[in-house]
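Peer 1: requesting a structural model of the entry that follows:
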Amino acid sequence: MIEIKNIRKSYGNLQVLKGIDLTINEKKIVTIVGASGAGKSTLLHIIGSLDLPDSGEVWYGQENIALYSPDRLSAFRNRNIGFVFQFHHLLPEFTALENVCIPAWIKGDSKKEAERKATELLGLLGLRERMAHKPAQLSGGEQQRVSIARALINSPKVVLADEPSGNLDSRNRTELHQLFFRLRDELGQTFVIVTHDTELAALSDLTVTLSDGQIVREG
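Peer 2: Sure thing, here's the model as predicted:
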């Protein structure tokens with residue numbers, strides 16, 4: 001579904017990615033692991049079109065998005081890629097339901113249709129009774145599930161997650177990891193997850209190990 005070809009990226013004199021080749025198949029959970037500074041988040045941001053490579057190609061099916069204009073890239077990202085981060089980035093003045101609806105409103109869905117999809121997702125994630133609550137009224141685990149519902153609302157090809165369980169306690173971390181696998185199995189969702197969590201990496205369909213800007217192991 002996604003093919004990364006010879007991706008290179010530098011910031012000034014620091015070469016962060018040194019020729020990355022990677023294939024991501026649909027309906028799989030792929031984890032990216034490695035020491036801090038290995039280039040994991042940079043690679044994830046390039047896969048998600050949040051950053052552009054200096055050279056190389058990023059293919060989604062038949063589309064090389066590395067060639068897109070900023071406006072076309074923004075529209076592509078909204079419709080095809082969901083994001084989950086370590087810090088939930090929920091808007092504090094909006095309810096859980098409204099936070100989930102935002103990407104659908106940006107895409108152009110009606111208020112009614114966006115709320116229907118958001119309600120369905122929040123119910124699937126066990127948050128039906130928490131939809132009217134604002135982020136400050138939710139636990140850390142609940143906030144992260146709201147952010148996952150937000151990532152899923154436009155039925156993206158892939159959800160990209162950067163240390164999604166990094167701020168959670170062990171119980172919530174385990175529940176979140178189980179949720180990823182349930183969404184893979186029930187919705188056919190593809191996930192690419194940067195993580196330091198060895199438990200999650202061991203359970204994933206593919207683990208990619210980065211070291212010094214290069215893939216040193218896949219398995």
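
Peer 1: and the spatially most central residue of the chain, its phi and psi?
Peer 2: Compute the mean C-alpha point of the chain, and by Cα atoms, centre = their mean the closest residue is residue 160, 1.7 Å away. Main-chain torsions, residue 160, degrees, to the nearest 10: phi -100, psi 130.

Peer 1: residue 131 versus that one, what's the distance?
Peer 2: For residue 160, the distance to residue 131 (Cβ to Cβ, to the nearest Å) stands at 25 Å. Heads up, the C-betas are built off the backbone N, CA and C, glycines and all.

Peer 1: hmm, back to that, beta partners for the residue nearest to the centre of the chain?
Peer 2: residue 83, residue 192 (DSSP bridges).

Peer 1: ok, residue 34 - contacts?
Peer 2: Residue 34 sits next to 40, 209-211 when contact means Cβ atoms under 8 Å, 6 or more residues apart in numbering.

Peer 1: list the contacts of residue 147.
Peer 2: Neighbours of residue 147 in contact, by Cβ under 8 Å, 6+ apart: 84-85, 88-90, 99.

Peer 1: so where do the strands sit in the protein?
Peer 2: 2-11, 14-24, 29-33, 55-60, 63-64, 81-85, 158-162, 190-194, 206-211, 214-218 (DSSP state E).

Peer 1: so who does the residue nearest to residue 187 when sequence neighbours are not counted touch?
Peer 2: Computed as Cβ to Cβ, 6 or more residues apart in numbering, the closest residue to residue 187 that is not its neighbour in sequence is residue 152, at 7.5 Å. Counting by Cβ under 8 Å, 6+ apart, residue 152 touches 82, 121, 159, 183, 187, 189.

Peer 1: pretty sure the last one is touching residue 27, no?
Peer 2: Which is residue 189. Yes: the criterion here is Cβ atoms under 8 Å, and residue 189 meets it with residue 27 at 7.3 Å.

Peer 1: which one of those two has more residues nearby?
Peer 2: Each of residue 189 and residue 27 has its neighbours counted (other Cβ atoms under 10 Å); residue 189 has more, 24 against 13.

Peer 1: who's in contact with that one?
Peer 2: By Cβ under 8 Å, 6+ apart, the contact set of residue 189 is 27, 152, 159, 183.

Peer 1: quick one: neighbours of the residue lying closest to the third one once chain neighbours are set aside, just the number.
Peer 2: Think residue 159. Closest residue in space to residue 159, ignoring its immediate chain neighbours: residue 82 at 4.1 Å, by Cβ to Cβ, 6+ apart. Neighbourhood size, residue 82 [other Cβ under 10 Å]: 26.

Peer 1: so residue 82 sits against residue 149, correct?
Peer 2: No: taking contacts as Cβ under 8 Å, residue 82 lies outside contact range of residue 149: 9.6 Å.

Peer 1: tell me the buried residues in stretch 62-73?
Peer 2: Using 16 or more other Cβ atoms under 10 Å as the test for burial, stretch 62-73 gives 65-66, 68, 73.

Peer 1: now for residue 130: which residues touch it?
Peer 2: Here residue 130 is in contact with 96, 122, 137-138, 142 (criterion: Cβ under 8 Å, 6+ apart).
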